[in-house]
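Student: Provided below are the primary sequence and the corresponding predicted coordinates.
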Protein chains: 2
Amino acid sequence: MKNQIDVNAVLAGDRRALARFLTAIENETASGRQTLDAVFKRTGQAHIIGVTGSPGAGKSSLVNQLVKYFRQADPSKKIAIIAVDPSSPFTGGALLGDRVRMRDLSGDEGIFIRSMATRGALGGLARTTSAMAEALDAAGFEMIFIETVGAGQSEVDIVRLAHTTIVVEAPGMGDDIQASKAGILEIADILVVNKADQPMAENAVRTLKAMLELGHPIVQSAAERLHHRALAFEAVEVTSDIHQNSEAESWQVPVLTTISTEGVGIQETAEKILEHGVALKQRGEWKKREAARLQEALHDLLIQTFLEKWQRESSSDFVQAVIRDMLNRVHSPHQALQILIKGQNK
Amino acid sequence: MKNQIDVNAVLAGDRRALARFLTAIENETASGRQTLDAVFKRTGQAHIIGVTGSPGAGKSSLVNQLVKYFRQADPSKKIAIIAVDPSSPFTGGALLGDRVRMRDLSGDEGIFIRSMATRGALGGLARTTSAMAEALDAAGFEMIFIETVGAGQSEVDIVRLAHTTIVVEAPGMGDDIQASKAGILEIADILVVNKADQPMAENAVRTLKAMLELGHPIVQSAAERLHHRALAFEAVEVTSDIHQNSEAESWQVPVLTTISTEGVGIQETAEKILEHGVALKQRGEWKKREAARLQEALHDLLIQTFLEKWQRESSSDFVQAVIRDMLNRVHSPHQALQILIKGQNK
């Protein structure tokens, strides 16, 4: 078949087969799903690194420099980049200057760059990104960078599938740290203040360190959200205390400074990433994060399936009448739910 | 009972009864739900105004000034503020200076301010915020401002329950418009460039106007997301084309400038808000937005109920074994789903 994906070519790292596979994932086709199933046994090897932070913080330049550094340090290491940030130069949404800068990487056969055309993602962005990371993992990419603009829960969702999460800040507009206010500080394994040559950089570092010590309140911690989302599987204890306890005690979140456009601080950041990967494996945390990600994937699939089933069963006059009554404020959404449940059980 | 909520007192606008009601909603107690059901018929009157934008854009000062303006223009008009932004001075997360500024409003009996202790929100933030808005609506508040930090999908979810959405920008850090990059530009009914006395303000206005003309690509449009989320009710046609078609043609999104700390541009913004409310009602769009919100509420309740049911039914050895196999990569999440569905149908 024309749209058939060659599983063996994907596993062998063939770039065209891989690109086709990723497109199939993005479009949620049956052949994409089947290929994911087929390569699943080969996944779980890659170090997934989430890079998030406010627009303008310089995430893309940082990723660019880090990838170059890792490739130079070990030319046998295959590295992939998934850019979910619609403003990322990888995605094409950025200013021309940025995009030109990114060309650095494009000639290197050991690097694979994939941007998410986010508009086209049929399922949740997080789900698609997770599946793409799996595909790249199966294709032998040892490091996978996921770049996303940080602030909301969907970004947190995306980043949370990473083993190592880097939150990038730029010296502030005004006197505030951006990302931390929006609630992504607590998911960071490594904090980077980029553009460290700007006047307020020292201030930003100081503020971040103070926040780390204080434990700044956030929108909702990753662990809490996971607990919430993984409701259906509460009993499987491997997923408990992800991103918390064990780690909070033993991994000291570093605050690094970089000037990524000039390569300053890149080596230190790269070393911290590797160090964090080793630390995760030593403490069994690596496996826990993998488990959490898989359980979330299953959880999402369950909900999707439920909704599809419900829609098929309930496009009846009865359901429509219940909804119309709700819209006319005869009964509340909660009361409508009760009526629907009773109706379905008849 | 001690924790009983006095429904009549709530409907009469009693502040203590209302505060207790809101706490019950936040804690998702049975009495909160019952009271919501009881007051539901009395809802649907308030003009809900979402205010979102990047941290530091000056959302709180703007809301502060707008509320003061509306109160002065019509002292009989009761106004409520729900602050979901954890960095908002209403919430207490902000710098001392901001918080002091907010005291302006605290002596006024016609104003009710509620901040979401977001950490404590058991359900989704959007669900809780929506229920709180209903409670305030029932209690006779004619305008309800919801302030939330913008960028992610959860913020979009929260803001989308509003009739009128204001996106606040501050003249940029660097050369970029913040919120638009993160994907909230397209949900705006009114765009405000605050801090208009700053050097780059004109530039920001120009950029926003250009983006409006071009139709800047966003993470996922409100309408697309609604379509996705309201899957279960696709057939109820009143919810179609919310936030799109009819509106895109007839409401011209204005780009206003304010210096909210000095009260500049407040009247113009206030008038645009009222104008938008009138326009919505004239075109039947008001009712459509209400309908969309109610359907989403029902949709969320359905999923919640499903998950609870699933958890009860499936904490079996069978399910645990399926999940363990998935974690050991014997089968993929998608394959696990198939096994679970077959198992449940037996």
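Tutor: Here it is on my side, so go on.

Student: So, low pLDDT: which residues of chain A?
Tutor: Filtered on pLDDT under 70, chain A yields the residue ranges A:1-3, A:85-104, A:106, A:117-124, A:149-157, A:159-160, A:172-186, A:214-250, A:314-315, A:344-346.

Student: Could I get the full set of strands for it?
Tutor: Using DSSP state E, the strands of chain A run over residues A:47-53, A:79-83, A:111-115, A:143-149, A:164-169, A:190-193, A:255-257.

Student: Show me the one of those strands that comes nearest B:Gln282.
Tutor: Shortest distance between B:Gln282 and these, using Cβ to Cβ, is found for strand A:143-149: 36.7 Å. C-beta: built from backbone N, CA, C; applies to glycine.

Student: Mind giving me the packing neighbours of that closest one?
Tutor: strand A:47-53, helix A:59-73, strand A:79-83, helix A:125-138, helix A:153-159 (3 or more Cβ pairs under 8 Å, 6 or more residues apart in numbering or on different chains; DSSP states H and E).

Student: For those, give me CSV that also has mean neighbour count and distance to A:Ile5.
Tutor: Formatted as CSV, these follow (neighbours: other Cβ atoms under 10 Å in any protein chain shown; distance: least, Cβ to Cβ, whole Å):
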stretch, mean neighbour count, distance to A:Ile5
strand A:47-53, 27, 22
helix A:59-73, 22, 26
strand A:79-83, 27, 17
helix A:125-138, 24, 10
helix A:153-159, 27, 24
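
Student: could I get the ones you listed as JSON lines with distance to chain B?
Tutor: Formatted as JSON lines, the entries for the helices and strands packed on strand A:143-149 read as follows, by distance: least, Cβ to the nearest Cβ, whole Å:
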{"stretch": "strand A:47-53", "distance to chain B": "11"}
{"stretch": "helix A:59-73", "distance to chain B": "12"}
{"stretch": "strand A:79-83", "distance to chain B": "13"}
{"stretch": "helix A:125-138", "distance to chain B": "7"}
{"stretch": "helix A:153-159", "distance to chain B": "4"}
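
Student: Of all these, which one is nearest B:Glu142?
Tutor: Evaluated over the helices and strands packed on strand A:143-149, closeness to B:Glu142 peaks at helix A:153-159, with 30.6 Å, by Cβ to Cβ.

Student: Check the offset of stretch A:286-302 from the chain's centre.
Tutor: 13 Å (Cα atoms, centre = their mean, to the nearest Å).

Student: And for stretch A:280-287?
Tutor: For stretch A:280-287, the separation from the chain centroid amounts to 19 Å (computed by Cα atoms, centre = their mean).

Student: start to end distance for it?
Tutor: Criterion Cα to Cα, to the nearest Å; first-to-last residue distance in stretch A:280-287 is 8 Å.

Student: swap in stretch A:192-212?
Tutor: In terms of Cα to Cα, the two terminal residues of stretch A:192-212 are separated by 13 Å.

Student: is chain B contacted by that stretch?
Tutor: No - legend: contact between stretch A:192-212 and chain B by Cβ under 8 Å from any Cβ of the partner chain is lacking; minimum distance shown is 9.3 Å.

Student: quick one on the thing from earlier: tabulate the strands of chain A (a markdown table), appending distance to B:Val278.
Tutor: Converted to a markdown table, these look like this (distance: least, Cβ to Cβ, whole Å):
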| stretch | distance to B:Val278 |
| --- | --- |
| strand A:47-53 | 41 |
| strand A:79-83 | 42 |
| strand A:111-115 | 42 |
| strand A:143-149 | 35 |
| strand A:164-169 | 43 |
| strand A:190-193 | 47 |
| strand A:255-257 | 51 |
